[in-house]
Structure formats: structure tokens, C-alpha cells
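[1] How does the following fold in three dimensions:
(one chain, ligands or ions: 1)
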Amino acid sequence: MQWKELKSRLLEAGSVNLVGEPAEQYIAGSAAGPGAGSEGAVFFAMGGHRVRLALDPFSPIEITHRGTGVADLYFEDNLISGRLLEPGFHCPDQAFITVTGSCIFHCRYCPVPTLGGRRKSIEEIMQMVESVRHRIHAISITSGVLESIGEEEAYVLEVVKHLGFFGLPIGVSIYPTEKTPELLKDVGVAEVKFNLEAATPEIFAKMCAGLDYDLIWQVLDRSVELFGKNRVFSNVIIGLGETDAELEACIRKLTSRWVIPVLRPLNPVAELASFSRPSAERLERILEIHSEALEDAGLDPLLAQTMCTNCTGCDLVPGRDE
Ligand code: SF4
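    Numbering: from 1, shown residues only. Predicted coordinates:
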């Protein structure tokens, strides 16, 4: 089985049962994004490829840890030998830190508002990065919204100023104001990700009441002016009820503006627990559309230094998973 097919099938399933030798050091927690609040996840790697799988003792897919990261994945009739990757924070090779683990908004697909996590102090964040410094090549920052979008932005800017100390590329993904791209550029951020989440404004309005879809487009355009080609990203979820044609239109609109889409299979949690995960066939179809759109625009996801396009754990990424 080719890696692309295996990964799409694993992303369709979403989870794995981990057995064998103790594997604590290979288990990643998550305070944001699709796995927030879950039992943890592992990164299974085969050669230069990797996939992030949530831990679930009832999953039909099994990984047996043989010790020191060596692992076998059992999937249907296949045995795939690989290894577990040790996370920095949240993902391998990076300290990907959620500054504030709570949110005043209530996007229907997101578990963060119900978790009510706290805000980390700057000192705590500095210590976290220090503790994994020897095995990371980037720092990525995301955040919920504790009080207001503006107040959160001001706090994240302070955090980023301190993180400059490490001399590593920094990526930031927060809910933006009109000024966010300038402000992040001024404090030395390398890459930014502002998430559209939904492929159409109608779906966005249903999912994220009170948030502004047009503002995100404006902020993405401004970001490309400031950060340049291959440095601006946007998550779009696959599986919120959009058609392939709607998703393709959104992907093409992003790439024509030099924004690299991060196409994230829906993890049906929070209010969307009754939704389905997208099928492997659909994920592979979208990968082809995504690859073509990037190529037509002259964009290259292999150049990403931070965040999800560099990590590749949760999505099929053109150039990395083909
Ligand atoms: S792809 Fe993004 S959300 Fe997924 S593990 Fe990697 S950094 Fe985290």
C-alpha cells in the first residue's frame, strides 16, 4: 500500500490503539486544534512521512510499541514497520504552544470553549521551550481568546517578543484584528496562519456565529504583502457540509492570493459529534485538487518552517504525502 493511501485511510479512522512497551514519552497532549482535550495522540512515522493518530483503546487499528520508539502498525491485513516520534510540545520538531486554553467564542466544531483551560504565563512558556530546545527547529504559537481579540493579540505579542531569545523561526496562528499582520511582522514572526475554517461564508456563519469571514480574507491578503509567498497559511476544514466544488473554489481562491491552504479532515467533536469524518477517497481527491492549485500558483509547502504545513501530522500535504 502506498503511503498516500495508507495515510488517507488512517486519517479517515483518526485513532489507534497503542499497546506494547511503555510509550509515555511518545504521547503528545493537545490543548488546541482537532485533538484538544483528548487522551493524547502519537505520531507514527515511516521514512520521512508521518501521521498523527489520537489514542483510543477501541480503535480497530493497532500500534505495538517495541521499545525505544520502534513500532509496528497493524492495519487490516498489513503490517507496517515504523517508529513513534517524540513530540517537542504538541508535535515533533516544534514547540507548538497554546497560550490561552479557553475561548469566548463558540465555533461549533471546536472543543476549546468547553475545556476552559487557563492562560500560560510568559515565564512558563519560556521554560517549556527551554525544556525541549535541543530537539526542536521551530516555535509555533496559537491561542484561544480569554477576554477579547485585541487583548489576546497584545498578550501574544508580548509572548513572541520574549521567544525571540531562542533565535528560532516563529509561526503564529491567532484570531486576528486588522492590524495583526503588521504587529506580528514587527516582532519578528516568520510565518502566520489565519484560519478560514469553512469553505464558504454560509457555512462559516453557521459554524462561528459572531466572527467575521471577510476580515480573515483581508488579513490574509495583508499578510501576503508583508510576509511574502509561502509564508502565509489558512486552515480549511474538510467535512463541514461543503461540496468538493465549493472546497475547490476556496482552495483556488486562497492559492491565487498566495496563501497555502491547510486542509484539515474534520474531527467530529463538540457540537458536531454527529458528523462523519471525511472518507479516505475524498481526502485523496482533495489532495489532487490541492496539489494542482499550489503548482499553478507556484507555491511550495516544502518551504514551510513552522506550524501544520511543516509538521504534516494531521493532513495530507502535497509534496510531502505523495
Ligand atoms: S499538523 Fe498541526 S495540528 Fe496537527 S499535530 Fe501537526 S502542528 Fe499539530
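
[2] Helices of the stretch 51-200 of the chain, start to end?
    112-115, 122-132, 149-163, 180-186 (DSSP state H, counting those that start in this stretch).

[3] Quick one: mean pLDDT for the first one?
    If I follow you right, that is helix 112-115. Across helix 112-115, the average pLDDT comes to 84.

[4] Only the C-alpha atoms, please, for it, written as CSV.
    Output of helix 112-115 as CSV, limited to C-alpha atoms (Å, rounded to 0.1, in the frame of the first residue of the first chain):
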residue,chain,number,x,y,z
VAL,A,112,-11.7,24.6,23.4
PRO,A,113,-14.6,26.7,24.9
THR,A,114,-15.9,23.8,26.9
LEU,A,115,-12.4,22.9,28.3
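
[5] roughly how far is that helix from the heart of the chain?
    On the basis of Cα atoms, centre = their mean, to the nearest Å, helix 112-115 sits 17 Å off its chain's mean C-alpha point.

[6] ditto for the third one
    The gap between where helix 149-163 is centred and where its chain is centred comes out at 20 Å by Cα atoms, centre = their mean.

[7] contacting residues around the closest residue to the ligand within the stretch 101-250 of the chain?
    The stretch 101-250 of the chain approaches the ligand most closely through S140 (6.6 Å), counting by Cβ to the nearest ligand atom. C-beta here means a position set from N, CA and C on the backbone, and glycine is covered the same way. S140 makes contact with 91, 94-97, 170-173, 306-307, according to Cβ atoms under 8 Å, 6 or more residues apart in numbering.

[8] Need the per-residue pLDDT for it.
    Predicted confidence (pLDDT) for S140: 98.

[9] For the contacts of S140, give me TSV that also has distance to the ligand and neighbour count.
    As requested, those are exported to TSV (distance: Cβ to the nearest ligand atom, whole Å; neighbours: other Cβ atoms under 10 Å):
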residue	distance to the ligand	neighbour count
C91	4	27
Q94	7	27
A95	11	27
F96	5	29
I97	11	22
I170	14	25
G171	9	26
V172	13	29
S173	9	25
T306	9	28
M307	6	27
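
[10] if we can go back for a sec, for the helices of the stretch 51-200 of the chain, which has the smallest mean pLDDT value?
    helix 112-115 (a mean of 84).

[11] hmm, that one in reach of the ligand?
    No: applying Cβ under 6 Å from any ligand atom, one finds helix 112-115 out of contact with the ligand, separated by at least 12.9 Å.

[12] picking that back up, can you add mean neighbour count and distance to S256 and give the helices of the stretch 51-200 of the chain back as TSV?
    Shown next, in TSV, are the helices of the stretch 51-200 of the chain (neighbours: other Cβ atoms under 10 Å; distance: least, Cβ to Cβ, whole Å):
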stretch	mean neighbour count	distance to S256
helix 112-115	18	31
helix 122-132	14	36
helix 149-163	17	27
helix 180-186	19	19
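
[13] Could you export the ones you listed as TSV, including distance to L220?
    Below are those laid out as TSV (distance: least, Cβ to Cβ, whole Å):
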stretch	distance to L220
helix 112-115	22
helix 122-132	26
helix 149-163	16
helix 180-186	9
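
[14] low-confidence ranges in the stretch 1-150 of the chain?
    For the stretch 1-150 of the chain, the stretches flagged by pLDDT under 70 are 30-38.

[15] what residues does it put near the ligand?
    33, 52, 90-91, 96.

[16] Which one of those is nearest to I122?
    Nearest to I122 among those, counting by Cβ to Cβ, is F96 at 16.9 Å.

[17] now that we're looking at that closest one, how far away is S256 from it?
    28 Å (Cβ to Cβ, to the nearest Å).

[18] all strands of this structure, in order?
    15-20, 41-46, 49-55, 62-67, 70-75, 78-84, 87-92, 94-98, 138-142, 170-173, 191-193, 232-238, 260-265 (DSSP state E).

[19] Check what contacts the fourth one and list those residues.
    If I follow you right, that is strand 62-67. Against strand 62-67 from outside (Cβ under 8 Å, 6+ apart): 16-23, 26, 42, 44, 53, 71-74, 84.
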